[in-house]
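Chemist: can you look at this prediction? I've put the sequence above it.
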Amino acid sequence: MDGPTDDSPDVEEAAESALLTDLSDDERAQLPTPEEVEQRAQDAPSVERDPLIEALTPTSKLQILLALIRVRGEKLNPSAIADRAAVGRTSVYKHLDDLLADGLIEEAEKAGNSPMYRVDLDDDAIQHVVALRGIMAARRNDRRGDE
């Protein structure tokens, strides 16, 4: 392949040069050096995601959990979960392990080769999810009533 590629130094230098052309000499002097940028990155505290965000995102993971909550402890296979959650089966398989690891669902048994999953409605975390969902639904209804 002839010519520079997107990750070649010539392309990177040209892109950097184009960005810097709009800056005055004083503005350029205030920019950190590459070494300073690297040092700041090393000194910055690592940002840890909130456990609730980790457990319930992306949205498809929450849809899966809510689908299992709606059937009130009934055991579902991944295909049935996908249908009830309106999520693709690939997403279901992707998120089941996380939900299991977080203790939000449990593998109940196998039906043939297919594992069955359920939620324990007595679990504290599930009860809180159900309560929060109810609170948010009530607030939404109140807002609609005020309109």
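Modeler: Sure, I can see it. Note that the structure is a prediction, hence the values are computed from the model and not measured.
Chemist: can you tell me how far the residue sitting furthest away from the middle of the chain sits from residue 144?
Modeler: Going by CA atoms, centre = their mean, the residue of the chain most distant from its centre is residue 25, 42.0 Å out. Taking CB to CB, to the nearest Å as the measure, residue 25 falls 58 Å from residue 144. (Glycine included, C-beta is placed from N, CA and C.)
Chemist: helix, strand or coil for residue 132?
Modeler: Assigned state for residue 132: helix (three-state reduction, DSSP: H, G, I helix; E, B strand; the rest coil).
Chemist: wait, residue 81
Modeler: Judged by three-state DSSP, the three-state class of residue 81 is helix.
Chemist: residue 110 should be in a strand, yeah?
Modeler: Yes - under three-state DSSP, residue 110 sits within a strand.
Chemist: show me where the protein has strands.
Modeler: In the chain, the strands defined using DSSP state E lie at 106-111, 114-118.
Chemist: okay, those, which one's buried deepest?
Modeler: Stretch with highest mean neighbour count among the strands of the chain: strand 114-118 (a mean of 17; mean count of other CB atoms under 10 Å).
Chemist: could you say what helices and strands it packs with?
Modeler: Where contact means 3 or more CB pairs under 8 Å, 6 or more residues apart in numbering; DSSP states H and E, strand 114-118 is packed against helix 78-85, strand 106-111.
Chemist: report the buried residues of stretch 90-110.
Modeler: For stretch 90-110, the neighbour count (16 or more other CB atoms under 10 Å) marks 91-92, 95-96, 98-99, 104-105, 108 as buried.
Chemist: rebuild these as TSV, extending it with pLDDT and distance to residue 62.
Modeler: Output for these, formatted as TSV (pLDDT from 0 to 100; distance: CB to CB, whole Å):
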residue	pLDDT	distance to residue 62
91	91	11
92	95	13
95	94	9
96	96	13
98	93	11
99	95	10
104	94	10
105	96	12
108	92	21
